[in-house]
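Q: sequence and predicted structure are below.
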Amino acid sequence: MSRLIVISNRVTAASAKGGAQGGLAVALTAALRESGGIWFGWSGEQTDQFTGHINFTRSHGVTTATIDLEEQDIEEYYNGYANRTLWPLFHYRIDLAEYERDFAHGYQRTNEWFAETVYPLIEPDDMVWVQDYHMFPLGQELRRRGLKNRIGFFLHIPWPPRRLLTTLPEARTLVESLLAYDVVGFHTREWLLSFCDYAREDLGGVIDENDVLTVGTRKVRLLACPIGIDAEEFAALAASPVAQATHDRVHRSAVGRALIVGVDRLDYSKGLEERFLGYERFLLENPAERKEVVLLQIAPPSRADVESYQRIRNTLEGLAGRINGAHAGLDWVPIRYVNQGYPRDALAGVYRASRIGLVTPLRDGMNLVAKEYVAAQDPADPGVLILSRFAGAADQMPEALLVNPHSAEEIADAIGRALAMPLDERQRRWQALMEGVTREDVIWWRKRFTDALAAVAADPPATASAEP
Ligand SMILES: O=P(O)(O)OC[C@H]1O[C@@H](O)[C@H](O)[C@@H](O)[C@@H]1O
């Protein structure tokens with residue numbers, strides 16, 4: 001079995017229980033533990049001058065190798081191009097996207113630092129797997145340094161429609177850089193097709209019936225491959241002592257009311273404003289039930305150096321305050337808004353105590369909270385998942401109550417329907433969701449992608465390793 005070299009901006013080897021890590025960190029830790037190898041990326045730390053010094057650590061069965069970045073790189077690469085330019089654009093928010101040449105240069109320069117530093121760590125038989133939008137040009141930079149290994153790329157966010165992507169001044173360079181990879185993966189067929197649209201229309205690419213894209217002499221296998229969670233592990237976490245204690249605490253605090261839970265990084269793509277308004281609409285339209293519910297929104301702050309994130313934080317504080325001010329009574333506040341992250345085992349307990357999981361991003365590559373909510377439920381008395389039809393996860397989860405997250409009416413109706421749903425229907429829906437979450441789990445995802453990467457090497461026509 002080839003070693004795996006995973007390269008991503010953030011490197012957080014995750015313990016089963018600990019920390020407030022996102023699903024991606026947990027997924028990659030599980031993948032690396034199985035295959036061996038190295039997880040390389042940014043330490044999250046700043047240094048006065050970039051030295052290329054690599055800090056190796058071994059944690060939870062995974063070797064991590066990280067480098068520090070200079071302030072200007074962090075500003076232009078991470079806060080700039082990654083989070084002010086690509087993130088909003090790829091989430092269809094060109095109104096928030098900032099197009100600055102300095103950001104583009106800093107992004108390219110930092111990717112060159114990454115390539116320069118990781119290149120000597122890669123052995124001839126390793127498979128290299130680059131993750132996410134921070135690192136589009138990395139494969140090309142590795143090829144420029146002579147790397148012949150199989151290199152895959154996986155995008156964890158949506159791929160925008162062509163007409164939006166063409167607003168990015170570097171769109172063509174960026175897409176061409178992806179031709180250096182052997183396999184490029186997306187969570188859904190929708191994102192894959194948007195990518196194909198650009199490749200066909202703007203690069204003159206041809207896509208065959210096996211989703212192999214040909215542009216000039218380059219062939220790239222495209223793959224729609226939705227990431228999953230470690231469902232069994234998460235279900236076990238939900239039965240852990242910490243989860244149990246958290247469950248009991250949260251359950252007691254609801255004093256017999258139905259708990260509705262949302263857990264999201266504080267990000268404008270998560271649809272939190274629209275969610276609060278949908279919930280308020282439910283309160284207004286259902287005076288008899290309004291004091292029977294409480295919304296617990298957990299939203300740890302994220303990317304706080306970026307202005308659009310500061311704005312959404314202010315907006316939500318104002319909105320939560322207004323809704324609570326307008327509707328609260330002596331012994332009830334409708335929204336508990338918590339700007340703090342919690343460890344996964346505690347979250348599992350919160351999910352299990354909640355009658356409704358409200359997951360309504362305006363646009364999301366996948367969304368693993370939806371899957372974790374399902375995995376944490378009590379089979380005898382499961383809650384109901386309300387899910388945005390614009391989350392990648394919706395493709396695999398048709399038994400959830402699917403809603404348009406822009407519509408307060410649809411959110412309000414779905415809350416009413418979930419609260420009234422009889423036990424047998426809740427069980428039937430949950431059963432189907434849980435089967436999918438368990439079958440298409442993180443190991444399945446990892447295997448599908450790495451199998452596709454390994455197959456490329458065994459099939460020379462699809463593996464031209466020359467520079468594009
Ligand atoms: O790393 P950040 O900026 O805190 O964001 C958290 C994560 O957000 C995810 O949605 C991205 O796809 C990840 O790549 C990223 O790590």
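A: That came through, no problem. Please read these numbers as outputs of a predicted model, since none were measured by experiment.
Q: from here on, contacts and neighbour counts on C-alpha atoms
A: Fine.
Q: so which bits of the helix or strand encompassing Arg322 are buried?
A: Using DSSP states H and E, Arg322 maps to helix 307-327. Residues 308-310, 312-313, 316, 319-320, 323-324, 327 are the ones in helix 307-327 that count as buried (16 or more other Cα atoms under 10 Å).
Q: lowest-confidence entry in these?
A: On pLDDT alone, His327 ranks lowest of those, at 95.
Q: wait, that residue touches Val333, no?
A: Yes - taking Cα atoms under 8 Å as the definition, His327 is a contact partner of Val333 at 7.3 Å.
Q: where does pLDDT dip in the stretch 201-350 of the chain?
A: Nowhere does the stretch 201-350 of the chain drop to pLDDT under 70.
Q: per-domain residue ranges of this protein.
A: The chain is divided into the following domains under automatic domain parsing: 4-228+443-463, 231-439.
Q: is the longest one anywhere near the ligand?
A: I take that to be domain 4-228+443-463. Yes - applying Cα under 6 Å from any ligand atom, one finds domain 4-228+443-463 touching the ligand at 10, 132, 156-157.
Q: sitting in strands, which of those residues do you find?
A: Arg10 (DSSP state E).
Q: what is the nearest of the residues of domain 4-228+443-463 next to the ligand to Glu440?
A: Of all these, Glu440 sits closest to His156, with 16.3 Å by Cα to Cα.
Q: who's in contact with that closest one?
A: Neighbour list for His156: 131-133, 186-187, 365-366 [criterion: Cα atoms under 8 Å, 6 or more residues apart in numbering].
Q: how about a cut-off of 10 Å?
A: Applying Cα atoms under 10 Å, 6 or more residues apart in numbering to His156 gives the contacts 24, 131-133, 185-188, 226-227, 364-367, 392.
Q: quick one: buried ones out of the residues of domain 4-228+443-463 next to the ligand?
A: The neighbour-count test (16+ other Cα under 10 Å) applied to the residues of domain 4-228+443-463 next to the ligand identifies 10, 132, 156-157 as buried.
Q: least confident of those?
A: Out of those, that is Arg10, at 89.
Q: report the beta-bridge partners for that residue.
A: Beta-bridge pairing for Arg10 (DSSP bridges): Trp42.
Q: that one reaches Phe40, doesn't it?
A: Yes - the pair Arg10 / Phe40 is scored as a contact, 8.5 Å apart, by Cα atoms under 10 Å.
Q: so which of the buried residues of helix 307-327 reach the ligand?
A: With the criterion set as Cα under 6 Å from any ligand atom, no member of the buried residues of helix 307-327 is near the ligand.
Q: going by distance to the ligand, which of the residues you listed wins?
A: Taking Cα to the nearest ligand atom as the measure, the ligand sits nearest to Tyr309 out of these, at 11.1 Å.
Q: quick check: the closest one vs Ser269, distance?
A: To Ser269, Tyr309 is 10 Å away according to Cα to Cα, to the nearest Å.
Q: likewise for Leu362?
A: The gap separating Leu362 from Ser269 is 6 Å, by Cα to Cα.
Q: what strand or helix carries the nearest residue to Thr315 once chain neighbours are set aside?
A: Closest residue in space to Thr315, ignoring its immediate chain neighbours: Glu273 at 7.7 Å, by Cα to Cα, 6 or more residues apart in numbering. If you go by DSSP H and E, Glu273 is part of helix 272-285.
Q: returning to what we had before: could you check the angle the helix holding Arg322 makes with helix 272-285?
A: 10 degrees (axes from the mean of the first three to the mean of the last three Cα atoms, to 10 degrees).
Q: which residues sit against helix 307-327?
A: With contacts defined as Cα under 10 Å, 6+ apart, helix 307-327 is touched by 79, 83-84, 88, 96-97, 266-269, 272-274, 276-277, 279-280, 283-284, 290-291, 297, 299, 301-304, 328, 332-337, 339.
Q: hmm, 7 Å instead?
A: Helix 307-327 has contacts (Cα atoms under 7 Å, 6 or more residues apart in numbering) with 267-268, 273, 280, 303-304, 333-335.
Q: and Glu209, how many neighbours?
A: 6 (other Cα atoms under 10 Å).
Q: one more: the one 10 residues further on?
A: When neighbours are defined as other Cα under 10 Å, Lys219 has 25 of them.
Q: distance check, it against the ligand.
A: Remark: distance between Lys219 and the ligand (Cα to the nearest ligand atom, to the nearest Å) = 26 Å.
Q: now the host helix or strand of that residue - C-alpha only, PDB.
A: Using DSSP H and E, Lys219 maps to strand 218-224. Taking Å, rounded to 0.1, in the frame of the first residue of the first chain, the C-alpha atoms of strand 218-224 are listed here in PDB:
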ATOM      1  CA  ARG A 218      -3.400  16.500 -20.300                       C
ATOM      2  CA  LYS A 219      -5.900  14.000 -19.100                       C
ATOM      3  CA  VAL A 220      -7.500  14.400 -15.700                       C
ATOM      4  CA  ARG A 221     -10.000  12.000 -14.100                       C
ATOM      5  CA  LEU A 222     -12.900  13.900 -12.500                       C
ATOM      6  CA  LEU A 223     -14.700  12.300  -9.600                       C
ATOM      7  CA  ALA A 224     -17.900  13.100  -7.700                       C
END
